[in-house]
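Enquirer: Using only what follows, build the 3D model:
(one chain, ligands or ions: 1)
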Amino acid sequence: MSNFEPEIIAFCCNQCAYAAADLTGSMRMNYPPNVKIIKLPCAGKFETIYMLKAFEMGADGGIVAGCLEGCCHYRTGNLQAAKRIKQVKRILKELGLEEERVDIFYMSSAMGREFAEAATKITETVRKLGPNPIKRKIKLKNKK
Ligand code: FES
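Expert: Sure, this is the predicted structure:
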């Protein structure tokens with residue numbers, strides 16, 4: 001298990017987290033290459049099914065990253081995303097997976113360091129938890 005490298009999906013708001021991720025490059029900061037970004041116009045566009053589908057397709061963990069509280073350009077998108085992440089956590093628990101595999105973070109476009117920290121935190125958490133057990137079942141099913 002020591003060489004396990006998790007696959008993490010990050011649903012990032014274009015107004016903040018996506019720009020923050022971009023900023024890490026300009027700041028010469030690194031974040032784990034395990035994190036693959038999907039850009040959304042607002043965190044409010046994140047749907048519960050997106051994360052569940054990512055897990056079904058083999059992701060080991062995921063995050064949503066949206067604007068700071070009170071700063072969503074569409075008013076409450078980040079709050080909607082928080083509700084949906086709670087729902088994802090509940091569903092993962094029902095499926096027997098650890099809810100720590102998903103999280104939500106808030107940041108501004110100037111918070112490159114915070115993006116790198118969030119990406120590192122979720123990668124380390126999921127690395128400790130191990131591979132997504134659903135992925136293993138899918139691989140076994142496909143071998144038959
Ligand atoms: Fe960033 Fe809504 S515009 S969370």
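Enquirer: next one: the host helix or strand of residue 55 to chain centre, how far?
Expert: Element membership of residue 55, judged by DSSP states H and E, is helix 48-56. Counting by CA atoms, centre = their mean, to the nearest Å, helix 48-56 is centred 11 Å from the centre of its parent chain.
Enquirer: pLDDT (mean, whole number) over that helix?
Expert: The predicted model assigns helix 48-56 a mean pLDDT of 97.
Enquirer: Next: stretch 18-28.
Expert: 95.
Enquirer: what's the spacing between it and its chain's center?
Expert: Counting by CA atoms, centre = their mean, stretch 18-28 comes out at 17 Å from the chain centroid.
Enquirer: same thing with stretch 30-38?
Expert: 10 Å.
Enquirer: got the end-to-end distance for it?
Expert: 18 Å (CA to CA, to the nearest Å).
Enquirer: how would you label residue 104: helix, strand or coil?
Expert: strand (DSSP: H, G, I helix; E, B strand; the rest coil).
Enquirer: isn't it right up against residue 64?
Expert: Yes - counting by CB atoms under 8 Å, residue 64 is a contact partner of residue 104 at 4.8 Å. Where C-beta positions appear, they are placed from N, C-alpha and C, glycine not excepted.
Enquirer: Need the residues touching each of those two.
Expert: 43, 81, 85 (CB atoms under 8 Å, 6 or more residues apart in numbering).
Enquirer: thinking again about what came up before, who has more neighbours out of residue 104 and residue 64?
Expert: residue 64 (29 against 22; other CB atoms under 10 Å).
Enquirer: Contact partners for that one?
Expert: With CB under 8 Å, 6+ apart, residue 64 has these contacts: 10-12, 43, 46, 51, 81, 84-85, 102-105.
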